[in-house]
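# coords below, sequence missing:
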Ligand SMILES: CC(C)(COP(=O)(O)OP(=O)(O)OC[C@H]1O[C@@H](n2cnc3c(N)ncnc32)[C@H](O)[C@@H]1OP(=O)(O)O)[C@@H](O)C(=O)NCCC(=O)NCCS
């Protein structure tokens, strides 16, 4: 049975733990095919020591609940590998994680690219999502932006 979650969860920097199975299990859910090892390797290369992204997340009672990778841009941040463990979805964790990252980093803009239906999640978090069309995969792509300062 899931333990009840506290109202406030501390924002964790999971970058150094990104290869731990219980951390990888969550962020890889954001990939088109979570079990695709080649894709995992490409994502890992974007984090230290080769890349510069930071992986943030929430954990409770030893369970990694949600993850979100962050890249830096000239005027803000980009978010990637956004995922909540399936059994903990629709409990506000994804929104709280984005809010906690924004509160910590105070970026002027937050940008991400995503597929339907995740645009609904980003819209609910205050992003403006614009369609980039439907690629051959048949799943509509969106570019989502949260503007906090011009
Ligand atoms: C997208 C995802 C991270 C959302 O995480 P979550 O913890 O369930 O999100 P929240 O509970 O904070 O949702 C906040 C709001 O977003 C909206 N939302 C979230 N998931 C949604 C969905 N699948 N469809 C429509 N709206 C959704 C709702 O308005 C929700 O509020 P409500 O539950 O009060 O209606 C999660 O569904 C997930 O891990 N998906 C698979 C991984 C993935 O594809 N990631 C790629 C993102 S780029």
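Perfect, I can see it now. Predicted model, so just to flag it, every value in this text is computed and none were measured.
# List the contacts of residue 80.
By Cβ atoms under 8 Å, 6 or more residues apart in numbering, the contact list for residue 80 reads 30, 43, 46, 53, 68-71, 112. Bear in mind the C-beta positions are built from the backbone N, C-alpha and C, glycine included.
# Is it possible to get TSV of those that adds pLDDT, secondary structure and neighbour count?
TSV is the format used below for these (pLDDT from 0 to 100; DSSP: H, G, I helix; E, B strand; the rest coil; neighbours: other Cβ atoms under 10 Å):
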residue	pLDDT	secondary structure	neighbour count
30	94	helix	19
43	96	helix	22
46	97	coil	16
53	98	coil	22
68	98	strand	26
69	98	strand	25
70	98	strand	22
71	98	strand	17
112	97	strand	22
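# Is residue 109 in contact with residue 72, as I believe?
No - Residue 109 is not in contact with residue 72 according to Cβ atoms under 8 Å; the separation is 11.4 Å.
# From residue 30, how far off is the residue of the chain found nearest the ligand?
Of all residues in the chain, residue 94 sits closest to the ligand, at 2.8 Å by Cβ to the nearest ligand atom. Residue 94 sits at a distance of 11 Å from residue 30 (criterion: Cβ to Cβ, to the nearest Å).
# Check residue 68 too.
To residue 30, residue 68 is 9 Å away according to Cβ to Cβ.
# where do the contact lists of those two overlap?
Listed as contacting both residue 68 and residue 30 by Cβ under 8 Å, 6+ apart are 80-83.
# tell me, which of these make contact with the ligand?
By Cβ under 6 Å from any ligand atom, the members of these lying near the ligand are 82-83.
# Pull the number of nearby residues for residue 21.
For residue 21, the count of nearby residues is 7 (other Cβ atoms under 10 Å).
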